[in-house]
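J.: using only what follows, build the 3D model:
(chains A and B)
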Amino acid sequence: MSAHGGGGAAATADVVEGVEQPRLDLARRFIQGDLAELRVVLILAVIWAIFYIQEPRFLSSVNLTNLVLQATAVGLVAVGVTMVLLLGEIDLSVGAVSGLCGAIMAVLIEQKGWSPYLGIAAAVLAGTAIGLFQGSVFTQFAIPSFVVTLAGLLAWPGAQLEVLGETGTVNITNSKVTGLVSTFYSDTVGWIFAVIAIAAFAGFTLLGRQRRVRAGLPAPPVGQLVLRIVLVAVAVLVAVWVLNDDRGLPLAVLILLGFVLLFFYITTRTTFGRHIFAVGGNSEAARRAGINVRRVRVVVFAIAGMMAAIGGIMAASRLLAVNQSSGAGDFLLLAIAAPVIAGTSLFGGRGSVWHALLGALVIQSISNGMDLLGLESSVKFMVTGAVLLAAVIIDAIARRQRQAAGRV
Amino acid sequence: MNGNTPVLALKGVSKSFGPVQALSEVDFEVHDGEVVALVGDNGAGKSTLVKCIAGIHPADEGTILFEGTEVQITHPTDATDLGIATVYQDLALCDNLDVVENLYLGREETGEGPAAVTRQMDEVAMEKRTGELLSRLAVTIVNLRAEVGTLSGGQRQQVAIARSLLGNPKVVILDEPTAALGVRQTAQVLDLIKRLREEGHGVVVISHNLADVFEVADRVFVLRLGREAGDFAAGESSQEEVVAAITGAEFGGNGDQAGGER
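T.: Below you'll find the model as predicted:
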């Protein structure tokens, strides 16, 4: 079956050889996972429609704001997971690391009397150090990353119990920490943000095109870019309008967006990001191209640890407490499922940091919607598992379609 | 051969792996603007010879002269630094990256000012130079932003060869560049090899395909059981002579084996 498909594709490649690259039609690109963002937006629309029909309150501004706040912790952890997935590796310890680092922050600030800034910095540093350690063990001994981080998944919750001590729960009262999630900006600030965001996006898009035109390189048609700018503008304006209708633009959303943008820049514009994709695509080729594969891997695992810590801090801020089950349960799987649902490949070399944000919204929408409908935990677990499975199957199908078309 | 100094010359190079003598006192040279085909049966020592030049397996004995100066090549970077580029059969391309990204992999151009601090890449410059390099080599790939995995085998080979030229090497070594390619794709790759010669590179091509060898090579160097078994000027010798040297048969007796080799 697949051999047959491969033969057909090879024949096709021969025919188009030397002629213009075949224009993949929209449907094929969709199946092969090239239009993953479009796919995930459609999935999100379907999910929202279903829950809206069942319970109109789902699309109320209050619930949507809550949904976004719930999604920030998973989204931040998922940013780090996405980077690891781009390498073709996996980090199973991020949930545990987020719990441990949340606990470190809570104990330092609430019990040891550290300033909130120092406490947060210490927690982020601890997460980074854990990631650095796991990445070093993984590369030094050439052990599969899932085993190394599985050990972390078992070990770090133990450290979390140790840090939390006798009571097992630390309540968070420090206003700086709770303010991470409970701060909302006024309507005016929201609109100013929207205008700046749209202007920046339009500016970068059009300036980038202009640079290509000036260098005599092929550039996308202006109409296509304008359409893209309009779509982004509408999405931003609607989002700000909904948020303003409730409590306003949350600081948590800005934090999430900030990290997504930072790592989007790193992965797509810097040499380091290019090397991540190269290692994920063909580590031997990357090594022979003179890339320090080991360094790339260790740094990415450190980033995953850092983002896990930041996600853990946001989760603690939202729940106003850290306890023994922080970072446990389905948190890890949600953080891994999020980018995969949105189209980041489990096989490495393909994906985008934006998938972390989009996927987190999808995952959180399902969770939030089921809560709203008052479904039992039993149902919730099974539905979430089914969604993850479906996402992985979509990824595998996209990969097979690419291979059938002669792509890897 | 030409009176001028060869860009790369090996003298009395020997290499053994344990009891196996892979190369025995081989003399081999390449000149600027010359394509030398390296042929021989499986296990004749072609790959070992190339690996000695590329610094993967340093030679046990013998000397290597680069532009007339004796050099030590004990590590792949030694070869690269001298200006010897090798394109291996597996090409070492990242299929998930596009043509520009693969060409500049590991030596990305970065912008200036703040972009230099964050190591931000100058995509426009890289794409422009990729286009210039490929058109100079008469390689036609319409979309430089197409993933290499979507290209045909011939185009992938062309990309791999073009990539080896970025460091402006003096000698380019190609390991079986036409293996597993169709007729037209083979022609494209052979054209590219001729282009390398025109640009003044010394080119060493390992090949099993004598038709390709005779189309592109100036000289055919035959190895047999680790020893030099013949050094033919391509224009003045026949495939039968080369086959005889490869197999060790008397010339004329087994001339029809040329058909068998194909």
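
J.: pLDDT score assigned to the residue of the stretch 151-262 of chain B found nearest chain A?
T.: The minimum distance from the stretch 151-262 of chain B to chain A, using Cβ to the nearest Cβ, falls at B:Ser152 (4.8 Å). Glycine gets a C-beta too; all of them are placed from N, C-alpha and C. B:Ser152 carries a pLDDT value of 89.

J.: right, and it touches B:Thr186 too?
T.: No - the criterion here is Cβ atoms under 8 Å, and B:Ser152 misses it with B:Thr186 at 11.4 Å.

J.: so how far is B:Glu108 from the residue lying farthest from the centre of chain B?
T.: Within chain B, the residue lying farthest from the chain centre (Cα atoms, centre = their mean) is B:Pro114, at 39.2 Å. Shown here: B:Pro114 relative to B:Glu108, a distance of 16 Å by Cβ to Cβ, to the nearest Å.

J.: check B:Gly12 too.
T.: Distance from B:Gly12 to B:Glu108, counting by Cβ to Cβ: 41 Å.

J.: okay, now the residue nearest to A:Thr82 when sequence neighbours are not counted: neighbour count?
T.: Nearest non-adjacent residue to A:Thr82, counting by Cβ to Cβ, 6 or more residues apart in numbering or on different chains: A:Pro339, 4.2 Å away. For A:Pro339, the neighbour count with other Cβ atoms under 10 Å in any protein chain shown is 34.

J.: so where does A:Pro339 fall, helix or strand?
T.: Using DSSP states H and E, A:Pro339 falls within helix A:331-341.

J.: for chain B, what lies in contact range of chain A?
T.: B:92-97, B:101, B:105-108, B:110, B:118-121, B:124-125, B:127-128, B:131, B:140-143, B:146-147, B:149-150, B:152, B:154-155, B:182, B:184-185, B:188 (Cβ under 8 Å from any Cβ of the partner chain).

J.: got phi/psi on B:Ala79?
T.: Per-residue torsions, B:Ala79: phi -70, psi -50 (degrees, to the nearest 10).

J.: how about it: what's its closest non-neighbour residue?
T.: Leaving aside its chain neighbours, B:Ala79 sits nearest to B:Gly55 (4.2 Å; criterion: Cβ to Cβ, 6+ apart).

J.: show the contacting residues for that neighbour.
T.: B:Ile73, B:Thr74, B:His75, B:Pro76, B:Thr77, B:Asp78, B:Ala79 (Cβ atoms under 8 Å, 6 or more residues apart in numbering or on different chains).

J.: what about it, distance to B:Leu38?
T.: According to Cβ to Cβ, B:Gly55 and B:Leu38 sit 17 Å apart.

J.: and A:Gly258, by the same measure?
T.: 57 Å.

J.: and the two? which has more neighbours close in?
T.: Set A:Gly258 next to B:Leu38 and count neighbours by other Cβ under 10 Å: B:Leu38 wins out with 26 against 10.

J.: list phi and psi for the more buried one.
T.: B:Leu38 has phi and psi values of phi -110, psi 110 when expressed as degrees, to the nearest 10.

J.: dump the residue contacts of it.
T.: B:Leu38 sits in contact with B:Lys46, B:Leu49, B:Val50, B:Val204, B:Val205, B:Ile206, B:Ser207, B:Phe221, B:Leu223, where contact means Cβ under 8 Å, 6+ apart.

J.: with that, I have no additional questions.
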